[in-house]
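Peer 1: Make a model of this:
(chains A and B, ligands or ions: 1)
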Amino acid sequence: MYFGLSEDQIFFQENVSKFLEDQASLDIIRSITEGDSLELQGEIHSGLVNLGLGSLLIPEEFGGLGLDLLFATAVSQSLGGGIAPIAFTGSYIMAPLAIIFGGNQIQKERYLTQMSKNSIRIGVGFSQYIGARDNSTIEMNSNKISGRSLFVLDAKDATHLMLSDANGVIGLVSKNSSGIEIVELTTVDKTRSYSEVILNNVDVDVLEQTTSSNDAINKAVDGGRIILAADSIGASQRLIDKAVAYSKERKQFGRVIGSFQAVKHMCAEMAADLEPCYSLVWHAAYCFDNSPDEARLMACHAKSHVSEISKMIAKKATEVHGGMGFTDLMGLHYWFKRIGVNRHTLGAPELVREEAANIQNF
Amino acid sequence: MDLNYGAKYEDFRKEVREFCKEWKGVNFKDSAKIPMTQAFEATGVTMSRSEWQSTLIEKGYFARSVPKEYGGFGGESDIIKNRIIASEFSNANIPAAMGGQGIDMLVPTLLELGTEEQKKRYIKPTLHGEMIWCQGYSEPNAGSDLASLQTKGELVNDSWVINGQKIWTSTAQYSQMMFCLVRTEPDAQKHAGISYLLVPMDTPGLEIRPLVDMTLKAGFNEVFFTDVTIPKGNIIGKRGEGWAVANATLGHERGSLTDPNATVNRVNSLIDRMKEERLDGTRLIDIPVYRDKLISIQAKVMAFQSNSLRVLSSKLNKGQDTKIAGMIQKLVGTELRHELEGFAVDIMGEVGTLYEDSPHLRDSGSWQFLYMYYLGLIIGGGTSQIQKNIISERGLGMPKEPKAQGV
Ligand SMILES: Cc1cc2nc3c(=O)[nH]c(=O)nc-3n(C[C@H](O)[C@H](O)[C@H](O)COP(=O)(O)OP(=O)(O)OC[C@H]3O[C@@H](n4cnc5c(N)ncnc54)[C@H](O)[C@@H]3O)c2cc1C
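Peer 2: Numbers count the residues shown, from 1 in each chain, chains lettered A, B, ... in the order given. Down below sits the predicted model:
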């Protein structure tokens, strides 16, 4: 028995962290989110794709690295820690999973091969399946798709979009097909892209297995949830590290604030809350890879629990920094907001807990 | 226990209610200082903020007990009437009188401790919204430990010459004046060396640098002083008495950060939102988990509002002890508002995370904005941890934390 990341996983994870430290400083991320350094954003993306981020989950037979979700989970922690301003959960986790589990052989070859070469990128919109807001609907038949999907992930620089209807049928469209309109949404988290996609009788390639089974969409959603939870863990850890470091430097009343029990306890609570989250999320990823019967429930737990913990950490870590914590200068809010949007992407905690109860037939 | 205010007050309530009906839809041409907080339906008269202040003062709905000669209404102090005004305005959703650090903190201080000349000069334009003030207390190294502030004031040829830096100064960029704490007696003990000075913001040598906060607005500023020279008379209280003067106003600030009527208003807006918003076709207000959490927050808000009513009662009835009920207001009020605004974001899911000018934005993005803004207020005006120190040490009489060696 060994419960933990492997040497390979840790090595890769550290490479990603190191890359982000070097290439994506807070100043760079700030200017990217202000829309000023889009080329730099492109470079960060290509750099990470060169490290293999785009093809982690794609099987070797289609040119990918053929790694498992636990591996991707380890990577996602680094992306959250470094608030990486790139597409990941949609394009490089959910999209390949949906195709691997829902596509026929032709579709797998068509898409996975190109994805592993980075010649196509896919944005993902499953909110119809997870929970529809604002009366959005998607109607799909065997060759046409119409309707409106909100909060499509990673659509901005994508070449293709993958959308689902309320039943979990998944279709792919090419982004430059006629009849597609894309509206950029602005959330508090500007490190990643969220869009509304409006479709009017657009040609669609329906993933064959998804017309008869929900397995593919469930796999994609479970994987996405675990990856988002890992991203929030990475972001939370970074906030704790910053709070602890600050509390050892900042002096008030002639002592470092870290010597006040109130501050110590805030930090200890954050650590005590976060520590089990690592185990939960790795365990969920392990189940995803090895134990399909438990996978869905564990993914729900990982997503909902980490969302609650990281929300509290985002607040407390800001508090430890006092007035500085509230400034843009300190930039803590980038992590705060990333955690805030992760919380709601692919289902807010209450909804995911409801699902967890249903999965167990309660 | 008798929660009736009596016939005299019920008549007054009717009068205020009429007024609210008459002015329903009033709105302002000059932008509010805190963006996105509350939009008022623009269905009525449009005027400037200061015209609205004047209208309210004329009726006695604002600055009620401030003497006429200082620009107030000149009536007797009547906290029940104030309460009625606040709650009727809130119910009718028409704008209450302006607040801010000048009105909430400086005016009460001047009334209590200012000279006749200072009262005549500053109170009227402040009440009428023509003179905006900022509070220059905190410095980079003096936040929770405010009394360690180092900005220096020296008396040279009958003028104060000020050098140093303030930070987190809210609204400094819109202000005409600053009331600030400055170390004028470097040899005196920490708390005894501070004076309370009044500084015109256009004095040469004073530089304001807006400081963007997590909401991405410049809610506060850094203010730098290089030989800023002001008249000797721009001081409230005596030299070295600034700490006591400031403490008189900190109490006012902590009260004004947590208006229970505004909180009640937000719960009501939240309920409206939950009736309108749908998830998979179901109204949010019909989803059991959200209903439960809503009611739990509503109960907390009712408890908070009742608490403030009891604090009010203790001001009318001698001998009623509400020391702790008063002390907890800043802590409970700001934490509660943060929770409430955050819950609204939560129920809306992804839609709740939308910001700025995004399509599908709800209520001008005010929920997400205030969720963050109230985290700022949990920190500003004395952090939650400092509030807990005050409650335990001064409220519950618990021993103080040991001081660091040599300080
Ligand atoms: C939105 C906002 C608006 C503001 N507006 C103004 C303004 O208009 N004018 C003005 O003068 N100032 C203003 N401030 C400053 C505010 O008063 C200070 O930020 C606040 O008092 C905390 O000080 P600090 O930032 O230095 O934090 P620090 O004092 O450095 O505190 C850091 C952490 O240590 C903790 N801590 C410190 N001392 C103790 C202790 N003894 N026991 C336990 N814990 C402790 C704190 O609780 C906090 O968690 C504003 C701040 C904010 C956030």
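Peer 1: show me where the stretch 201-350 of chain A has strands.
Peer 2: With DSSP state E, counting those that start in this stretch, the ranges of strands along the stretch 201-350 of chain A come out as A:205-206, A:251-252, A:255-256.
Peer 1: what's the closest of these to the ligand?
Peer 2: Nearest to the ligand among these is strand A:251-252 (4.4 Å), distances taken as Cβ to the nearest ligand atom. Bear in mind the C-beta positions are built from the backbone N, C-alpha and C, glycine included.
Peer 1: Neighbours of residue A:95, how many?
Peer 2: By other Cβ atoms under 10 Å in any protein chain shown, the residues close to residue A:95 number 32.
Peer 1: Please parse the chain into its domains.
Peer 2: No chain was given, so I picked chain A. For chain A, automatic domain parsing gives the domain ranges A:7-88+A:104-115, A:120-211, A:215-359.
Peer 1: oops, chain B please
Peer 2: B:7-98, B:132-249, B:257-395.
Peer 1: can I get the ones you listed in TSV with mean pLDDT and mean neighbour count?
Peer 2: Formatted as TSV, these follow (pLDDT from 0 to 100; neighbours: other Cβ atoms under 10 Å in any protein chain shown):
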stretch	mean pLDDT	mean neighbour count
domain B:7-98	85	16
domain B:132-249	96	19
domain B:257-395	94	18
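Peer 1: Take those and lay them out in a markdown table including distance to residue A:208.
Peer 2: Shown next, in a markdown table, are the domains of chain B (distance: least, Cβ to Cβ, whole Å):
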| stretch | distance to residue A:208 |
| --- | --- |
| domain B:7-98 | 48 |
| domain B:132-249 | 45 |
| domain B:257-395 | 27 |
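Peer 1: any chance of those in TSV, plus distance to chain A?
Peer 2: As requested, these are exported to TSV (distance: least, Cβ to the nearest Cβ, whole Å):
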stretch	distance to chain A
domain B:7-98	13
domain B:132-249	4
domain B:257-395	4
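Peer 1: for chain A, longest helix please?
Peer 2: helix A:215-249 (DSSP state H).
Peer 1: name the helices or strands packed onto that helix?
Peer 2: helix A:69-81, helix A:95-102, helix A:127-130, strand A:170-174, strand A:255-256, helix A:261-290, helix A:292-320, helix A:332-344 (3 or more Cβ pairs under 8 Å, 6 or more residues apart in numbering or on different chains; DSSP states H and E).
Peer 1: wait, which of those is closest to residue A:59?
Peer 2: helix A:95-102 (7.0 Å; Cβ to Cβ).
Peer 1: can you list the residues that contact that closest one?
Peer 2: A:55, A:57-59, A:64, A:107-108, A:111-112, A:115, A:122, A:124, A:162, A:170, A:207-210, A:215-217, A:219-220, A:223-224 (Cβ atoms under 8 Å, 6 or more residues apart in numbering or on different chains).
Peer 1: make it 6 Å
Peer 2: A:57-58, A:108, A:111-112, A:122, A:124, A:162, A:170, A:207, A:209-210, A:215-216, A:219-220, A:223 (Cβ atoms under 6 Å, 6 or more residues apart in numbering or on different chains).
Peer 1: Please name the residues that touch residue B:278.
Peer 2: So residue B:278 contacts nothing (Cβ under 6 Å, 6+ apart).
Peer 1: separation between it and residue A:135?
Peer 2: From residue B:278 over to residue A:135 the distance is 7 Å, taken as Cβ to Cβ, to the nearest Å.
Peer 1: Okay, the residue nearest to residue B:44 when sequence neighbours are not counted and residue B:93: tell me how far apart.
Peer 2: Once flanking residues are discounted, residue B:44 sits nearest to residue B:25: 2.8 Å by Cβ to Cβ, 6 or more residues apart in numbering or on different chains. In this structure, residue B:25 lies at 9 Å from residue B:93, with Cβ to Cβ as the measure.
Peer 1: my read is residue A:124 is in a strand, agree?
Peer 2: Yes: counting by DSSP: H, G, I helix; E, B strand; the rest coil, residue A:124 is part of a strand.
Peer 1: got the contact list for the residue nearest to it when sequence neighbours are not counted?
Peer 2: Once flanking residues are discounted, residue A:124 sits nearest to residue A:90: 3.8 Å by Cβ to Cβ, 6+ apart. Going by Cβ under 6 Å, 6+ apart, residue A:90 touches A:123, A:124, A:153, A:154.
Peer 1: same deal with residue B:265?
Peer 2: Counted by Cβ under 6 Å, 6+ apart, residue B:265 has contacts residue B:90.
Peer 1: near chain B, which residues of the stretch 151-300 of chain A show up?
Peer 2: A:151, A:183, A:185, A:186, A:187, A:188, A:252, A:253, A:254, A:255, A:262 (Cβ under 6 Å from any Cβ of the partner chain).
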